[in-house]
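**Q** Quick one: sequence and predicted model below, then my questions.
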Amino acid sequence: MDEKVAAFKEIRKVGVVGCGQMGGGITQVCAQSGYPVAVSEINDELLQRGLASIDASLTKSVQKEKITQQDKDTTMTRIKGTTDITDFGDCDLVIEAAVENLDLKKKIFGEMDKVCREHTILATNTSCLSITGMAKATKRPEKVLGMHFFNPVPVMKLLEIVRTAKTSEETLDTAKKFGQSLGKTIVIVQDSPGFIVNRLMAPQILNAIRMLESGIATKEDIDTGMTLGLNYPMGPLALADLVGLDTLLFIANGIYDEFREAQYAAPTLLKEMVADGRLGRKTGKGFYEYM
Ligand code: 3HC
């Protein structure tokens with residue numbers, strides 16, 4: 001990847017709101033694909049932590065000889081961290097990856113609408129919140145859509161693009177081409193709770209937790225069953241730990257609120273673990289323990 005330049009010229013600069021696990025991954029992938037990226041956090045401490053994570057992830061790739069030190073250095077020079085959202089003023093696409101709170105996201109979309117130029121596309125990486133609701137906070141609903149990436153972003157090949165009733169064909173087409181330029185495979189879905197993947201993933205993980213709760217199998221056997229029996233890269237309980245139990249609970253509640261179907265009702269064990277701060281990999285403890 002020496003001096004790679006962005007493949008898709010309509011997007012010359014990308015903004016990413018939030019430099020956590022998802023925002024950091026999105027920033028890394030965009031920068032590695034040749035795009036200059038401005039990434040924001042709410043304070044300098046979180047920003048430096050997020051940038052350090054991207055640096056560490058790229059260092060691992062250098063150590064594994066997947067990229068050269070020069071590739072890493074070039075990628076890092078494309079990334080500009082900021083705590084000032086007016087730095088998004090010259091972005092052609094802004095991807096919001098802040099915490100999952102609809103009011104907060106509406107506020108961010110309202111601010112972006114004021115700061116960004118008329119042609120700029122505003123996207124959200126939300127896992128299940130209403131994108132139509134976020135679009136309403138702007139004067140450009142035709143330029144708003146979901147770009148839902150998967151964790152870990154540098155590894156996962158899918159990008160779910162979520163259109164609302166107001167998203168224009170032009171916006172959709174630009175988002176598709178941009179996603180393809182990141183090396184992702186695109187699926188398109190209408191705005192609805194959980195979109196395609198989380199709507200199907202949630203009942204499976206919730207059922208695995210219910211099985212564990214009822215004592216019909218150990219967590220290891222549930223995960224081994226699904227890993228070897230269905231050729232999944234990891235079992236549902238390990239996946240829950242990767243996603244984050246708080247995020248899983250948020251997704252389950254969000255979809256349950258809409259459909260009122262028992263399959264989306266959060267099991268007691270999940271609620272208890274979240275209340276206990278056992279959130280999975282990010283806290284070092286979930287269904288499994290992590291060093
Ligand atoms: N960043 C960059 N690369 C990473 C990485 C990361 N965070 N994590 C793993 N990798 C790379 C490794 O470097 C390795 O690359 P290599 O094969 O070229 O050396 C490769 O991925 C495999 O990693 P490991 O050997 O460390 O471990 P595994 O083979 O067990 O793979 C895994 C780990 C990629 C996480 C795999 O288990 C997997 O794909 N699990 C399923 C993940 C999944 O389903 N994610 C979707 C969650 S749902 C979601 O995100 C939606 C949201 O809204 C909730």
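**A** Happy to help now that I have it. Numbering: from 1, shown residues only.

**Q** Next one, pLDDT for Gln32 please.
**A** With respect to pLDDT, Gln32 scores 98.

**Q** low-confidence ranges in the protein?
**A** For the chain, applying pLDDT under 70 flags the ranges 1-3.

**Q** Show me where it has its helices.
**A** Remark: helices assigned in the chain by DSSP state H are 21-32, 44-63, 69-77, 102-115, 131-136, 169-181, 197-214, 219-230, 236-243, 245-259, 268-275.

**Q** who does the first one touch, helix- and strand-wise?
**A** In other words, helix 21-32. Using 3 or more C-beta pairs under 8 Å, 6 or more residues apart in numbering; DSSP states H and E, the elements in contact with helix 21-32 are strand 14-17, strand 37-40, helix 44-63, helix 69-77, strand 144-149. (Glycine included, C-beta is placed from N, CA and C.)

**Q** between that helix and helix 69-77, how big is the angle?
**A** 120 degrees (axes from the mean of the first three to the mean of the last three C-alpha atoms, to 10 degrees).

**Q** which residues are contacting helix 21-32?
**A** 1, 4, 14, 16-17, 19, 37, 39, 50-51, 53-54, 57-58, 67, 71, 75-76, 78-79, 95, 97-98, 125, 149, 151-154, 182-183, 282 (C-beta atoms under 8 Å, 6 or more residues apart in numbering).

**Q** what do you get for the fourth one?
**A** With C-beta under 8 Å, 6+ apart as the test, helix 102-115 has contacts from 15, 17, 85-86, 88-89, 94, 96, 98, 120, 122, 124, 126, 129-130, 133-140, 144.

**Q** Would you mind writing the CA trace of it as CSV?
**A** Presented in CSV, the C-alpha positions along helix 102-115 are these (Å, rounded to 0.1, in the frame of the first residue of the first chain):
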residue,chain,number,x,y,z
LEU,A,102,-31.0,9.0,20.2
ASP,A,103,-31.2,12.5,21.7
LEU,A,104,-27.4,12.8,21.6
LYS,A,105,-27.3,11.6,18.0
LYS,A,106,-30.0,14.0,17.0
LYS,A,107,-28.0,16.8,18.6
ILE,A,108,-24.9,15.8,16.7
PHE,A,109,-26.8,15.6,13.4
GLY,A,110,-28.3,19.1,14.0
GLU,A,111,-24.7,20.5,14.7
MET,A,112,-23.3,18.7,11.6
ASP,A,113,-26.1,20.1,9.5
LYS,A,114,-25.0,23.6,10.4
VAL,A,115,-21.2,23.0,10.2
